[in-house]
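Novice: Build me a structure from this.
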Amino acid sequence: GQPEGFDVVVAMYHDQGLIPVKYLGVEQGVNSTLGLPFVRTSPDHGTAFDIAGTGRADPASLLAALSAARQARG
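Specialist: As a prediction, this is how the structure comes out:
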């Protein structure tokens, strides 16, 4: 895939949208839910309990979710 060619994936269902996002690179993936009376974003990865506390976790997706929420809020 060429993730630099895409800014957003729009899908009616969460599981449908995850396919291209995870294929193109989950490191910067952010999930947003539209139509709510508040801004809702989340990292697009699992909990990874197996690496918790090992110093191997990558905060990039969390930071991207926070940045997207800040931008959406205006």
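Novice: What is the neighbour count of A65?
Specialist: 20 (other Cβ atoms under 10 Å). (Glycine included, C-beta is placed from N, CA and C.)
Novice: Tell me the buried residues in the helix or strand harbouring it?
Specialist: If you go by DSSP states H and E, A65 is part of helix 60-73. Residues of helix 60-73 classed as buried: S61, A64, A65, A68, A69 (neighbour count, 16 or more other Cβ atoms under 10 Å).
Novice: cool, and stretch 9-28?
Specialist: Buried residues in stretch 9-28 (16+ other Cβ under 10 Å): G17, L18, V21, L24, V26, Q28.
Novice: what's the straight distance from one end of it to the other?
Specialist: End-to-end span of stretch 9-28 (Cα to Cα, to the nearest Å): 13 Å.
Novice: Now do it, average pLDDT.
Specialist: Per-residue pLDDT over stretch 9-28 has a mean of 81.
Novice: distance between that stretch and the chain's centre?
Specialist: Relative to the centre of its chain, stretch 9-28 is centred 8 Å away, using Cα atoms, centre = their mean, to the nearest Å.
Novice: Identify the residues contacting V30.
Specialist: By Cβ atoms under 8 Å, 6 or more residues apart in numbering, V30 lies in contact with T41, S42, P43, D44, S61, A64, A65, A68.
Novice: now the buried residues of helix 60-73 in TSV, with pLDDT and distance to G55?
Specialist: Below are the buried residues of helix 60-73 laid out as TSV (pLDDT from 0 to 100; distance: Cβ to Cβ, whole Å):
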residue	pLDDT	distance to G55
S61	87	17
A64	91	20
A65	93	21
A68	93	26
A69	96	26
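Novice: ok, of those, which one's closest to E4?
Specialist: Minimum distance to E4 across those is 15.1 Å, recorded for A64 (Cβ to Cβ).
Novice: sorry, back to before: show me what the helix holding A65 is packed against.
Specialist: For helix 60-73, the packing partners by 3 or more Cβ pairs under 8 Å, 6 or more residues apart in numbering; DSSP states H and E come out as strand 30-32, strand 41-43.
Novice: Turn the ones you listed into CSV, columns for distance to R56.
Specialist: What follows is the helices and strands packed on helix 60-73, written out as CSV (distance: least, Cβ to Cβ, whole Å):
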stretch, distance to R56
strand 30-32, 21
strand 41-43, 16
